[in-house]
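**Q** compute the structure for the input listed below.
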Amino acid sequence: MKYDKSSLNELLFEESLSQCIEVRPGRNLYCRTLHLKHEHEQDDDDTPNETTATNQRRIHILFVHGSMAWSDQFEPLICSLGHTLLSRQQKDLPMLTCHLFDAFGCGKSRPKRSNFNFSDVSERALANDLKAMCDRIRDTLGEGDEFFIVAHSYGTSQVVTMLSEAGTNIAVNGVIMIAGAVGGGSSQVAIDGGHCIFRLPIFVLNLIQSKLTNEFLSVAYFGTNMELRKYSGEKSNQNPMYIVKAFYRQTKWATKMDIIKLNIPSLVMHGKEDKIIPLNDGARFSEAFQNLLDFIIVPNASHQVFEENPCAVSKEIIHFIFKINAVEC
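**A** Reported below is the predicted structural model:
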C-alpha cells in the first residue's frame, strides 16, 4: 500500500536533511537523511539524548533506486528496518541512519527541460553522482560506524560499476543487491542501451507512456495491492519521456568481470515471481559475487519485492548486517 509518512514519526525517525544539494560541482540532487532514535535515547521531555547517541555505533545505509524510479519507494522498507532493529532489544543496539537520493532526472532531482542535456543521464555521469554520494557519507562516519549499500534493479549495476572502479577508496562493509542482473542474459531489461522501444521518437513515447507504465505495473508487482500500483503508476507517468529515452539509451549493465572484482560481503535477494528480471538471471547474478553470504528468494513477490514484502526483506538485511559482525541473530 502507499507509504504513510506518519510511520516514520511513530518510529522516532528524525529527518535531518530533505532538500536539493550540490553533491559535486554542477550536480544538484534531492537528498534525504533519516535517523532512527531508540527509546533509551529519549529524556522525559522526548528530547534526544545527544551524549548517548554520539557514543553509540551507527549503521549508515545508502539506498540506490532503479531506472527512472524515486527514492521514497524505499520508505516502507526503511520503516520495517526500524521495527526489525528495535525488536532486537539489545542494550548495545547500533544506531541507524538512512541516506536516500533521487538520481538525476528522477523524482525531485528533475531539471527543467531547457537545462537538460542528453549526457546528463549517461552511465558515467550517474556513476560519478553515486560516488559523490558515497564520499559524502564516508566523510560523516565516526569511529566504529559501518556503511552499507542497498540497491535495486539497475541500481545494482551502478553500484557494482562504481565499487569495481573505486576499489578500496570507498570503505563499504557490505552490499545488499535486490532484483539485480548481469548484463545480457534472458532478461529483456538488462540490455545495454535499453529496450528497442526507446529508439522511437519522443512524441511517440509521450503517446504511449501510460500504456508502457501499465504494462510495467502488471509484471512488476505480484500481489493485487491496487493502492500501491496506482501510486507507482502516478509517479511513473510523471517521468518526462525525453529524460526516459536519454536514460535508457545510455544504460550500461555491469558484467560478470565487474562483479568478480568486488570482495565485499554481499547479500543478493530476488522475488520468486519476478517477471522483469527472471529468477534465473538473479541466480546468475548472485553466482558472480566472490564474497556472497546468501542468496535469498522471496516468495509471493515480483520485481518490486522490497515494496511488496518489506518485512521479509528488512529481516534479511538486519540478519546480514549482524552476521557480518559475528553477532548471533
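
**Q** show me what whichever strand or helix holds residue 208 is packed up against.
**A** Using DSSP states H and E, residue 208 sits in helix 202-220. When contacts are defined as 3 or more C-beta pairs under 8 Å, 6 or more residues apart in numbering; DSSP states H and E, helix 202-220 packs onto helix 226-236, helix 241-249. (C-beta placed from N, C-alpha, C; glycine too.)

**Q** switch to 10 Å and redo it
**A** helix 226-236, helix 241-249, helix 305-308 (3 or more C-beta pairs under 10 Å, 6 or more residues apart in numbering; DSSP states H and E).

**Q** and the first one, which residues are buried?
**A** By neighbour count, with 16 or more other C-beta atoms under 10 Å as the criterion, the buried positions of helix 226-236 are 228, 229, 231, 232, 233, 235, 236.

**Q** can you map out the strands along the chain?
**A** 13-24, 27-36, 58-64, 95-101, 146-152, 174-178, 266-271, 292-298 (DSSP state E).

**Q** how about JSON lines for those, with mean neighbour count and mean pLDDT added?
**A** Shown next, in JSON lines, are those (neighbours: other C-beta atoms under 10 Å; pLDDT from 0 to 100):
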{"stretch": "strand 13-24", "mean neighbour count": "14", "mean pLDDT": "91"}
{"stretch": "strand 27-36", "mean neighbour count": "20", "mean pLDDT": "94"}
{"stretch": "strand 58-64", "mean neighbour count": "23", "mean pLDDT": "96"}
{"stretch": "strand 95-101", "mean neighbour count": "24", "mean pLDDT": "95"}
{"stretch": "strand 146-152", "mean neighbour count": "24", "mean pLDDT": "97"}
{"stretch": "strand 174-178", "mean neighbour count": "26", "mean pLDDT": "97"}
{"stretch": "strand 266-271", "mean neighbour count": "26", "mean pLDDT": "98"}
{"stretch": "strand 292-298", "mean neighbour count": "17", "mean pLDDT": "96"}
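
**Q** coming back round to it: out of the buried residues of helix 226-236, who's nearest residue 22?
**A** Taking C-beta to C-beta as the measure, residue 22 lies nearest residue 235 of the buried residues of helix 226-236, at 24.8 Å.

**Q** which residue packs closest to that closest one, ignoring adjacent ones?
**A** Using C-beta to C-beta, 6 or more residues apart in numbering and skipping the chain neighbours, the partner closest in space to residue 235 is residue 70 (5.9 Å).

**Q** and residue 245, by the same measure?
**A** Using C-beta to C-beta, 6+ apart, the nearest residue to residue 245 is residue 198, at 5.2 Å.
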